[in-house]
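Colleague: sequence first, predicted model second:
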Amino acid sequence: MNVIFVLAVTFVITLCIGIFLTPRVVAVAKELHLYDLPDSRKVHQIPIPRVGGVMFLPTVVIAITLVLVVLLRMGVMGDKVWEGATIQHFMAYMAGAMMLYVIGLYDDIHGVGYKMKFCVQISAAVLLCVSGLWVADFSYVFFIRAVPFWIGMPFTVLFVVYVTNAMNLIDGIDGLASGLSIVAMTVIAGLNIISGNFTWALIPVAYLGVLVSFFYYNVFCKRDKTFMGDAGSLTLGFTLSFLILHFWQKDPVWNVSLHNIGIVALSTLAIPLLDVVRVFASRLRDGRNPFLPDKNHIHHKLLRAGLTGRMTMVAILLLSVMFITVNYLVSNISQTLMIVVDVLLFVVMHYAINFFIFRKEGRGNVWDKTFSL
């Protein structure tokens, strides 16, 4: 059976489930008054149901389980199901994703402090390390190749927590977190397909279906409009970190000569990852708690610069595609150079946004204020 056909069927299953379940989840949220209420930090002006992401993980689990069971029972593609994959990694991912899903759902309903979220995120990341999944090869980034486990394991935990929170924090306007995730999942699925890793292609393809359905309701549907919530954004961030980690294993076996595949996968999240560093640095500079929310993320700044919410979302998605394209081209020369180019591009972009913000707001000397965090 053709691999592309199986992946297409998986996509259609999660897409249909998402289209069917989303309005029903929204109806339940309205009955239980599970709304994201507007305040001075948020962009929306009216209460919006905030549990749209509650269906992400269950939908993906249903689709993947169904497809794998049918394939294995039919004896079709049995040799390809776990080719390039390890079942211990898959089981650790499912356990960690469920932990984040539960804490995210509880946060959407009752609210949870950031310390508790960090504890659960760290525990989920440790599970991946226990399963044998950690960064063991930097692929010559900063001229580093092999990494010992006592460095690779804590680095992996830091990486998972970093990516998980980056996706959670970028979820600030309609379509942004889901749109960035669609771009990232598409690239990661493509890299796994050309690398011959069926199972690790199955996961992002399954997420793509439910993300596309959520994107429609979040951006275009007024009657059943819903926000992702932490149940969705936390599991998305954890899933993306898990999928990217597989490109950074020691001596990976690829069926193609794409030597920079890991850094290209990482570049799918360049904007949220770089934005988190900038936002945390600005909070520390101002003497504020870096873990408490504010309105200084890139989407907030673009809104202040005069863009509408829809224009801001499209602009950031286009910037993400630009970063991926530039990164692929530059990484063929040097992966270390690619990271340097990413940082420089992001800094220039940030200063350009600052210029338009202060010119629009007419706040003193524009050039003096432009060069700030």
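Modeller: The structure has been received and is ready for your questions. Numbers count the residues shown, from 1 in each chain.
Colleague: and residue 296, backbone torsions?
Modeller: Main-chain torsions, residue 296, degrees, to the nearest 10: phi -120, psi 10.
Colleague: quick check: it touching residue 285?
Modeller: No: applying C-beta atoms under 8 Å as the test, residue 296 and residue 285 come out as separate, 11.0 Å apart. (Each C-beta comes from the backbone N, C-alpha and C, glycine too.)
Colleague: quick one: which of the two has more around it?
Modeller: residue 296 (16 against 11; other C-beta atoms under 10 Å).
Colleague: tell me which element the residue nearest the centre of the chain falls in.
Modeller: Among the residues of the chain, the one closest to the centroid is residue 237, at 4.2 Å (C-alpha atoms, centre = their mean). Using DSSP states H and E, residue 237 sits within helix 229-245.
Colleague: please apply the same query to residue 168.
Modeller: Assigned by DSSP H and E, residue 168 falls in helix 149-169.
Colleague: C-terminal to the helix holding residue 237, what's the next element?
Modeller: Following helix 229-245 toward the C-terminus (DSSP H and E): helix 261-267.
Colleague: elements contacting that following helix?
Modeller: Contact partners of helix 261-267 among helices and strands, from 3 or more C-beta pairs under 8 Å, 6 or more residues apart in numbering; DSSP states H and E: strand 137-141, helix 176-195, helix 229-245, helix 309-331, helix 335-361.
Colleague: try it again at 6 Å.
Modeller: The helices and strands touching helix 261-267, judged by 3 or more C-beta pairs under 6 Å, 6 or more residues apart in numbering; DSSP states H and E, are helix 176-195, helix 309-331.
Colleague: average pLDDT across stretch 210-224?
Modeller: For stretch 210-224, the mean pLDDT works out to 89.
Colleague: what residues does that stretch touch?
Modeller: 14-15, 18-19, 22-23, 26, 52, 56, 59, 174-175, 178, 181-182, 226 (C-beta atoms under 6 Å, 6 or more residues apart in numbering).
Colleague: returning to that earlier point: looking at the helices and strands packed on helix 261-267, which is closest to residue 127?
Modeller: helix 176-195 (20.5 Å; C-beta to C-beta).
Colleague: remind me which helix or strand residue 7 belongs to.
Modeller: Going by DSSP H and E, residue 7 is in helix 3-31.
Colleague: so the nearest residue to residue 121 once chain neighbours are set aside versus residue 129, what's the distance?
Modeller: Spatial nearest neighbour of residue 121, chain neighbours left out: residue 161 (4.8 Å); criterion: C-beta to C-beta, 6 or more residues apart in numbering. From residue 161 across to residue 129, the span is 12 Å (C-beta to C-beta, to the nearest Å).
Colleague: do the same with residue 330
Modeller: Counting by C-beta to C-beta, the gap from residue 330 to residue 129 is 30 Å.
Colleague: before we move on, what about residue 184?
Modeller: Distance from residue 184 to residue 129, by C-beta to C-beta: 22 Å.
Colleague: higher neighbour count, the two?
Modeller: Neighbours were tallied for residue 184 and for residue 129 using other C-beta under 10 Å; the higher tally belongs to residue 184 (29 against 19).
Colleague: which residues are in contact with the more buried one?
Modeller: 240, 268, 269.
Colleague: which one in these is the model shakiest on?
Modeller: Lowest pLDDT among those: residue 268, 86.
Colleague: check contacts around that one.
Modeller: 184, 187, 324.
Colleague: put together JSON lines for the residues you listed, with distance to residue 311 and pLDDT on each row.
Modeller: Formatted as JSON lines, the contacts of residue 268 follow (distance: C-beta to C-beta, whole Å; pLDDT from 0 to 100):
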{"residue": "184", "distance to residue 311": "21", "pLDDT": "93"}
{"residue": "187", "distance to residue 311": "23", "pLDDT": "92"}
{"residue": "324", "distance to residue 311": "21", "pLDDT": "89"}
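Colleague: fine by me, thanks again.
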